[in-house]
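Undergrad: Sequence and predicted model, in that order:
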Amino acid sequence: MKIGIDAHFIGNQQTGNETYTLNLVQNLAAVDTEANEYSLYLTNPAAAVGPLVADSKFHNYLLKPGNPFMRIPFVIPWEMSRRPVDVLHTHYTLPPFLPKQVRTVVTIHDVSWEYHPELYSRGDLLRLKTTVPWSARRADRIMAVSNTVKDAVVRLFGIEAEKIVVTPLAASQNFYPRERDSCRKRLLEKYGIQDPFILFVGNMSPRKNLIGVLRAFAQLRKRGQLEAKLVVVGPRISNSPAFVNALRELQLGDDVLCTGNVAHDILPELYSAAEVFVFPSLYEAFGLPTLEAMACGTPVVAADRPAFPEIAGDAALLVNPDDTAALAAGIDRVLSNSALREELRASGLKRVRHFNWKATASQTLAVYNSLALRTANQSTQAPWQQDSTGQQEAARYEL
């Protein structure tokens, strides 16, 4: 079987989407013992230079031009005509012109535009509201990163629930509890962090609610209840005038340290050294930083919004992200209660064991196999109606 995977996220710093694609590819290499061949369609020249996985079954192809308006409707179908595949796996949107025999899988990572349309340009909103539902209806199979996304796709797009397989993300293997003193020593040398600190990891999108974190942090500082600093990891603050203005308005000064994006090996040390990780996003389809923090043994304060209850369960303290006082109280409660910190730490380490990249790769491979089997048998049934081994295997991992 020949499988094509749209891997354009790799190398483009697309956070959770890139993490999903890279870990899926690497773990498919680990779990696939069959004579399958994979074509990885990349748009970043640096990512395409060397092998993404040390496996001869995987081949890199650099697609040009890489912009989605050319890549999706024209470049990928052209690639299919040159090097045919049996199964094509894309993200969000399927190409409109594909050979009839190609079976299709589309991963829908989130549907945030349906809940926060104000965060999108008019053009992007029109494109997403048109192409994603169309792709969901046309695809042979849909992958959703959480039941939160699955339920939304069923409700908003009118898709049969049986057509959707939940393939959750997981924390990578390099996220595990590190020795705190050694982490703090390295962070002092690299960033000048010498005080206890609260950690936030994410971009500057209003959906991440970083301004809410600043207001809750300022409230605690004003009351004199807080000695810890706030460390913000993500794109440079110059990308967000609203963040800069909030810092000035709240007079936080040197109490907030912004590191920018950090190297992959530094992030686990930041999690491990933090007193608490705060992630009160207004909407998350999954919220991978929550699992990363838990995997490092860090207590988590998160939002009581999708998909945090599903992913974190009772292993995080969930608060109303729209209520500054509630967020401040949640942070203070964790910082001031050592028993609660230890309880959240133990629960988090236990919770992350439910998420595993090899399991996600295995269920994805099961879907590929079921679609290839359908092609071989020329079945008239829809693939999600088949009682195949691949379907049974995939169902084992649903949350």
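TA: Structure received. Keep in mind the model is a prediction, meaning the values are calculated, not measured.

Undergrad: need the strands for the stretch 201-350 of the chain, in chain order.
TA: Taking DSSP state E, counting those that start in this stretch to define them, one finds strands in the stretch 201-350 of the chain at 229-233, 256-260, 276-279, 300-303, 317-319.

Undergrad: any idea which of these scores lowest on pLDDT?
TA: Mean pLDDT per stretch puts strand 256-260 lowest among those, at a mean of 92.

Undergrad: Dump it to PDB, restricted to CA.
TA: In PDB, the C-alpha atoms belonging to strand 256-260 read as follows (Å, rounded to 0.1, in the frame of the first residue of the first chain):
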ATOM      1  CA  VAL A 256       7.000  39.300  33.800                       C
ATOM      2  CA  LEU A 257       9.700  37.600  31.700                       C
ATOM      3  CA  CYS A 258       9.100  36.800  28.100                       C
ATOM      4  CA  THR A 259      11.500  34.200  26.600                       C
ATOM      5  CA  GLY A 260      10.200  34.100  23.100                       C
END
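
Undergrad: can you state the direction angle for it and strand 229-233?
TA: Here strand 256-260 runs at an angle of 20 degrees relative to strand 229-233 (axes from the mean of the first three to the mean of the last three CA atoms, to 10 degrees).

Undergrad: Strand 256-260: which residues count as buried?
TA: Neighbour counts over strand 256-260 (16 or more other CB atoms under 10 Å) mark V256, L257, C258, T259 as buried. In short, each C-beta sits where N, CA and C put it, glycine included.

Undergrad: wait, R184 sits on A274?
TA: No - in this structure, R184 is not within contact of A274 by CB atoms under 8 Å, at 10.0 Å.

Undergrad: Using the three-state scheme, assign V154.
TA: Three-state call for V154 (DSSP: H, G, I helix; E, B strand; the rest coil): helix.

Undergrad: Let me know the pLDDT of it.
TA: pLDDT, read off for V154, is 98.

Undergrad: Pull the contacting residues for it.
TA: The contact partners of V154, by CB atoms under 8 Å, 6 or more residues apart in numbering, come to E160, A161, I164.

Undergrad: ok, now with 10 Å
TA: Counting by CB atoms under 10 Å, 6 or more residues apart in numbering, V154 makes contact with A136, I142, A144, E160, A161, E162, K163, I164.

Undergrad: CSV for these, including distance to W78 and pLDDT?
TA: Listed next are the contacts of V154 as CSV, based on distance: CB to CB, whole Å; pLDDT from 0 to 100:
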residue, distance to W78, pLDDT
A136, 24, 97
I142, 25, 98
A144, 29, 97
E160, 32, 97
A161, 34, 97
E162, 33, 96
K163, 28, 97
I164, 29, 98
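
Undergrad: Name the nearest of those relative to P299.
TA: Set against P299, the nearest of the contacts of V154 by CB to CB is A144 (28.4 Å).

Undergrad: what's the spacing between the closest one and A218?
TA: With distances taken as CB to CB, to the nearest Å, A144 is found 37 Å from A218.

Undergrad: Those two - which one has more neighbours?
TA: Neighbour totals were compared for A144 and A218, and A144 leads with 28 against 22 (other CB atoms under 10 Å).

Undergrad: That one pairs with what?
TA: I108, V166 (DSSP bridges).

Undergrad: from here on, count from 667
TA: Okay, using 667 as the starting number, the last item reads as A810.

Undergrad: Hmm, it is touching I774, no?
TA: Yes - A810 is within contact range of I774, at 5.6 Å (criterion: CB atoms under 10 Å).

Undergrad: Can you pull the poorly scored residue ranges out of the stretch 667-816 of the chain?
TA: 679-680 (pLDDT under 70).

Undergrad: Tell me where it has strands.
TA: For the stretch 667-816 of the chain, applying DSSP E, counting those that start in this stretch gives strands covering 668-672, 703-708, 724-728, 753-757, 769-774, 807-810.

Undergrad: Quick one: residues contacting L933.
TA: S838, N840, F841, L865, V867, V899, T925, N927, P955, E958, A959, C962.

Undergrad: Quickly list what the fifth one is bridged to.
TA: Looking back up the chat, that one is V867. V899.

Undergrad: can you tell me which residues contact it?
TA: By CB under 10 Å, 6+ apart, the contact set of V867 is 681, 874, 897-900, 925, 928, 933, 936-937, 940, 943-945, 954-956, 958-959.

Undergrad: if we can go back for a sec, could the strands of the stretch 867-1016 of the chain go into JSON lines alongside distance to G732?
TA: Putting the strands of the stretch 867-1016 of the chain into JSON lines (distance: least, CB to CB, whole Å) gives the following:
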{"stretch": "strand 895-899", "distance to G732": "27"}
{"stretch": "strand 922-926", "distance to G732": "25"}
{"stretch": "strand 942-945", "distance to G732": "31"}
{"stretch": "strand 966-969", "distance to G732": "34"}
{"stretch": "strand 983-985", "distance to G732": "39"}
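
Undergrad: wait, which of the ones you listed is closest to V1018?
TA: strand 966-969 (10.9 Å).

Undergrad: Which strands border that closest one, and is each parallel or antiparallel?
TA: Strand 966-969 pairs in its sheet with strand 942-945 (parallel), strand 983-985 (parallel), by DSSP bridges.

Undergrad: which one of those is the most hemmed in?
TA: strand 942-945 (a mean of 26; mean count of other CB atoms under 10 Å).

Undergrad: From the chain's centroid, how far away is that one?
TA: 17 Å (CA atoms, centre = their mean, to the nearest Å).

Undergrad: Also stretch 950-967?
TA: 11 Å.

Undergrad: Just the CA trace of it, in CSV.
TA: Taking C-alpha atoms only, stretch 950-967 is exported to CSV below (Å, rounded to 0.1, in the frame of the first residue of the first chain):
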residue,chain,number,x,y,z
GLU,A,950,-8.9,24.4,22.9
ALA,A,951,-9.5,21.4,20.7
PHE,A,952,-6.9,19.5,22.8
GLY,A,953,-4.5,21.8,24.7
LEU,A,954,-1.3,19.9,24.4
PRO,A,955,0.7,22.1,26.8
THR,A,956,-1.5,20.8,29.5
LEU,A,957,-0.3,17.3,29.0
GLU,A,958,3.3,18.4,28.6
ALA,A,959,3.2,20.2,32.0
MET,A,960,1.6,17.1,33.7
ALA,A,961,4.2,14.9,32.1
CYS,A,962,6.9,17.0,33.8
GLY,A,963,5.1,16.8,37.2
THR,A,964,3.9,20.4,37.2
PRO,A,965,0.5,21.3,38.8
VAL,A,966,-1.9,22.8,36.2
VAL,A,967,-4.5,25.5,36.4
